[in-house]
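> Based on what follows, work out the 3D shape:
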Amino acid sequence: MLNFEQSPEEEFWKLKMHREIENTESREELRTIAKLLVSIAATRQCVIKGLVRDALDQMSSQSVISS
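Residues are numbered from 1 along each chain as shown. Down below sits the predicted model:
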């Protein structure tokens, strides 16, 4: 079964980023943080799509084998 709970490391990183954003006074630094977060989100989305595609391919090949 899949586990969608955040690990302590992920929770720590999230809180750290929240604090960093809240304490940022420079508009340029805020833009840099935003670009980093967009890059991370896009990378994670690619990984998720790849994992789903791989799981579907494996399920499909197992279905053919067992038929």
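> Pass me the low-pLDDT residue ranges in the chain, would you?
By pLDDT under 70, the weakly predicted segments of the chain are 67.
> All the helices of it, residue numbers only.
Along the chain, counting by DSSP state H, helices occupy 8-23, 27-66.
> Packing partners of the shortest one?
To tie it back to what came earlier, the one meant is helix 8-23. Based on contacts counted as 3 or more Cβ pairs under 8 Å, 6 or more residues apart in numbering; DSSP states H and E, the elements that helix 8-23 packs against are helix 27-66. Using the backbone N, CA and C atoms, a C-beta is placed for each residue, glycine as well.
> tell me what the helix it packs on is packed against?
helix 8-23.
> how much does the helix it packs on deviate in direction from helix 27-66?
Interaxial angle, helix 8-23 versus helix 27-66 (axes from the mean of the first three to the mean of the last three Cα atoms, to 10 degrees): 150 degrees.
> quick revisit: to Met1, which of the helices of the chain lies closest?
helix 27-66 (13.7 Å; Cβ to Cβ).
> just so I know, which of the helices of the chain lies nearest Leu2?
For these, proximity to Leu2 was assessed by Cβ to Cβ; helix 27-66 is nearest, at 10.4 Å.
> What number of residues are in the vicinity of Met17?
Look at Met17: counted by other Cβ atoms under 10 Å, it has 14 neighbours.
> can you pull the contacts of it?
33, 37 (Cβ atoms under 8 Å, 6 or more residues apart in numbering).
> center of this structure, which residue is that?
Arg44 (3.5 Å; Cα atoms, centre = their mean).
> Now do that residue against Met17, distance only.
Using Cβ to Cβ, to the nearest Å, one gets 14 Å for the distance from Arg44 to Met17.
> Ok, Glu29 next?
Here Glu29 is placed at a distance of 13 Å from Met17 (Cβ to Cβ).
> next one: Ser63
For Ser63 relative to Met17 (Cβ to Cβ), the value is 42 Å.
> can you check Glu28 too?
17 Å.
> now swap in Lys35 and tell me
13 Å.
> Overlap in contacts, the two.
By Cβ under 8 Å, 6+ apart, no residue touches both Lys35 and Met17.
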